[in-house]
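1. Here is my input, please return the structure:
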Amino acid sequence: MEQPPENLIQTIQDMLSTCMDGLCEVLTEDNRVLFVGRLEQYDPKQNEVWIDLRRGSEPPQGVIHNMPVKVQIHVKNQSGALVMLYGNVSLCAATYWTIIVRNVVACAESRRAFRQKVGVEAQILWGPGLHFRAKCQVEDISLVGVAIHSPLKLEIGSRIVLSIPALIEDGPNYELPCSVVVRRNTAEAGLPPKWRYGCDFGGLEEQVEETLCKDLFTLQARTMNRG
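-> Numbers count the residues shown, from 1 in each chain. Purely as a prediction, here's the structure:
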């Protein structure tokens, strides 16, 4: 597997340093738990994490070398905070696994709700056949939802699709189905309404989630490097 650039390796190392010896769940891509363990170490030269199985745990059977997995790592001394790691299994031993890292995303809480500010123009698609369109501004986005601003008034529970342009250079465009769960008028008194919406994806397709994770990781790394 191709090694990430040195600056991204440093970002991965910085993010994982907050959760060393932290409890973690190793999951398949469709969120089936393989085992529970602890993050033991990160080797930046190999871009690989070492995860110890908890005492008494049985290593899962039938795992294929290089199988893609997710690792949900609990940040120590920060209740609810997580780091989500996406990688590929490189070694399955009786008491530990090693996993090559593809992407890492810091999360606000257990729903992987780290929100990355983006500030891009997008379109709301709604109605029969998604025939109706309106412009909106994407404030921030996560793996579970998005915040947008628009003069269009939508009802709580409305099902829409957000057509969002590439978040990074040469990245993909997105068409993300979601539900409106929060609505608030942010316009000053006497001005036409301008609505801020919180929208929930309700579970993205695996390939879309993986791609969005890569983009969020890239944006997050840039933010950290600027800091």
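
2. Which strands and helices lie in contact with the helix or strand of the chain with the lowest mean pLDDT?
-> Ranked by mean pLDDT, DSSP states H and E, the weakest helix or strand in the chain is helix 206-226, scoring a mean of 75. Helix 206-226 is packed against helix 6-16, strand 82-92, strand 96-107, strand 116-126, strand 174-185, with contacts defined by 3 or more Cβ pairs under 8 Å, 6 or more residues apart in numbering; DSSP states H and E. C-beta coordinates here come from the backbone N, C-alpha and C atoms, glycine included.

3. what distance separates the following helix or strand past the last one from the centre of its chain?
-> If you walk from strand 174-185 toward the C-terminus, the next helix or strand you reach (DSSP states H and E) is strand 195-200. Averaging C-alpha coordinates over strand 195-200 and over its chain gives two centres that are 18 Å apart (Cα atoms, centre = their mean, to the nearest Å).

4. Show me what residue 147 is bridged to.
-> residue 140, residue 198 (DSSP bridges).

5. Put together CSV for the helices and strands packed on helix 206-226, with mean pLDDT, distance to residue 199 and mean neighbour count on each row.
-> As requested, these are exported to CSV (pLDDT from 0 to 100; distance: least, Cβ to Cβ, whole Å; neighbours: other Cβ atoms under 10 Å):
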stretch, mean pLDDT, distance to residue 199, mean neighbour count
helix 6-16, 83, 26, 17
strand 82-92, 90, 20, 20
strand 96-107, 88, 18, 21
strand 116-126, 93, 9, 16
strand 174-185, 95, 4, 16
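
6. Residue 33: which of these is closest?
-> Taking Cβ to Cβ, strand 96-107 is the member of these nearest to residue 33, at 13.5 Å.

7. Can you spell out which helices and strands pack onto the closest one?
-> helix 6-16, strand 33-43, strand 48-53, strand 68-74, strand 82-92, helix 206-226.

8. As JSON lines, the helices and strands packed on helix 206-226 with distance to residue 72 would be great.
-> Formatted as JSON lines, those follow (distance: least, Cβ to Cβ, whole Å):
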{"stretch": "helix 6-16", "distance to residue 72": "13"}
{"stretch": "strand 82-92", "distance to residue 72": "6"}
{"stretch": "strand 96-107", "distance to residue 72": "9"}
{"stretch": "strand 116-126", "distance to residue 72": "18"}
{"stretch": "strand 174-185", "distance to residue 72": "22"}
